[in-house]
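> sharing a model prediction with you, sequence too.
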Amino acid sequence: MATLSSKPAKLDLTCDHKSTDSIASVVKALLPDAAKLDISSMVVSTVSGGITNKLFKVTYDDKTDRSTSVLVRVFGGEGVIDREVENPTFHALTDYLGRPKYLGRFANGRLYAHDVVQPFECNVFRLCA
């Protein structure tokens, strides 16, 4: 059985998905390299595709003047999805796959690395009979 990496940081902080300042504040609170940055230096953009969640890409220049992007997932669909089951499952899955890197949790969401990947084409999957 695989051993999970250390638990990601968890803050008792609620994010308002309608406020870019609130979204950026979550990133500042969870990531040491973003902690000293001014919120106005962070670029928050909406990512489409969430069914019950609101997804946001936050980009900022870290202390090495390198651009960093993270994904903020603000939970939706409460009462439909058991977050006490989903969060440890997501942690185990990211540990096993090695990505996306799970950076932390807050009261109503998660933060993880923003990976730029190619979407799967339908013909990549084969059905087994």
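Nice, I can see it. Residues are numbered from 1 along each chain as shown.

> secondary structure class of the nearest residue to residue 76 once chain neighbours are set aside, three-state.
Spatial nearest neighbour of residue 76, excluding adjacent residues (Cβ to Cβ, 6 or more residues apart in numbering): residue 52 at 4.3 Å. Placement of C-beta: from N, CA and C, glycine included. Here residue 52 takes the coil state, with states given by DSSP: H, G, I helix; E, B strand; the rest coil.

> isn't residue 52 right up against residue 79?
No: contact between residue 52 and residue 79 fails when scored by Cβ atoms under 8 Å: they sit 10.3 Å apart.

> give me the contact list for the least confident helix or strand in the chain by mean pLDDT.
Least confident element among the helices and strands of the chain, by mean pLDDT, DSSP states H and E: strand 9-11 (a mean of 81). With Cβ atoms under 8 Å, 6 or more residues apart in numbering as the contact definition, strand 9-11 has outside contacts at 26, 29, 30, 103, 104, 105, 106, 107.

> again, only this time at 7 Å
For strand 9-11, the external contacting residues (Cβ atoms under 7 Å, 6 or more residues apart in numbering) are 29, 30, 104, 105, 106.

> how about the lengthiest helix in the chain, which residues are buried there?
Secondary structure assigned by DSSP state H gives helix 83-97 as the longest helix of the chain. Neighbour-count burial for helix 83-97, counted by 16 or more other Cβ atoms under 10 Å, picks out 87, 90, 91, 94.

> spit out the contact partners of the second one.
The one in question is residue 90. Applying Cβ under 7 Å, 6+ apart, we find residue 90 in contact with residue 102.

> same check on the first one?
Contacts were defined as Cβ under 7 Å, 6+ apart; by that measure residue 87 touches residue 105.

> what does stretch 19-32 rub up against?
With contact meaning Cβ under 7 Å, 6+ apart, stretch 19-32 is reached by 9, 11, 13, 15-16, 34-35, 37, 39, 42, 44, 56, 58, 70, 72, 103-104, 106, 111.
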